[in-house]
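Enquirer: got a predicted structure plus its sequence, pasted below:
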Amino acid sequence: MKGDPVKITVDEEKCCGAGQCVLIAPDVFDQRDDDGIVILLDAAPPADQYDVVRESASVCPAAAIMISEDA
């Protein structure tokens, strides 16, 4: 459900460094300076970040962001 806690994981091997996740959810994602690969800042973000985290995962061109939601 939309309000259930989320847990985020990223697959650095899949990440292509597009940076869309950082633009959409800068409190949750960052990028490495040397190659642009995603850095997960908060694997269990607060509820006010859920929508932007879901959007980040949906626009990721490499499908490198996975979200699991606990019921």
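Expert: Noted; the coordinates are in hand.
Enquirer: how about the strands of this structure, start to end?
Expert: Using DSSP state E, the strands found in the chain span residues 6-10, 29-31, 38-40, 65-69.
Enquirer: run through who's touching the second one.
Expert: It stands for strand 29-31. Val10, Gly17, Gly19, Cys21, Val22, Ile37, Val38, Ile39, Leu40, Leu41, Ser56, Ile65 (CB atoms under 8 Å, 6 or more residues apart in numbering). Every C-beta, even on glycine, is put in place using the N, C-alpha and C of the backbone.
Enquirer: tell me what the lengthiest helix in the chain is packed against?
Expert: Of all the elements of type helix in the chain, the one with the most residues (DSSP state H) is helix 50-59. Using 3 or more CB pairs under 8 Å, 6 or more residues apart in numbering; DSSP states H and E as the contact criterion, the secondary-structure elements in contact with helix 50-59 are strand 6-10, helix 20-24, strand 65-69.
Enquirer: note down every partner strand of the first one and its orientation.
Expert: By that I understand strand 6-10. Using DSSP bridges, the neighbouring strands of strand 6-10 in the sheet come out as strand 65-69 (antiparallel).
Enquirer: stretch 51-66 spans what distance, first to last residue?
Expert: 14 Å (CA to CA, to the nearest Å).
Enquirer: the longest helix of the chain: how far from the chain's middle?
Expert: Remark: helix 50-59 is offset 7 Å from the chain centroid, using CA atoms, centre = their mean, to the nearest Å.
Enquirer: in that helix, which residues are buried?
Expert: Tyr50, Val52, Val53, Arg54, Ser56, Ala57 (16 or more other CB atoms under 10 Å).
Enquirer: how about a markdown table for those residues, with pLDDT added?
Expert: Below are the buried residues of helix 50-59 laid out as a markdown table (pLDDT from 0 to 100):
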| residue | pLDDT |
| --- | --- |
| Tyr50 | 94 |
| Val52 | 97 |
| Val53 | 96 |
| Arg54 | 95 |
| Ser56 | 97 |
| Ala57 | 97 |
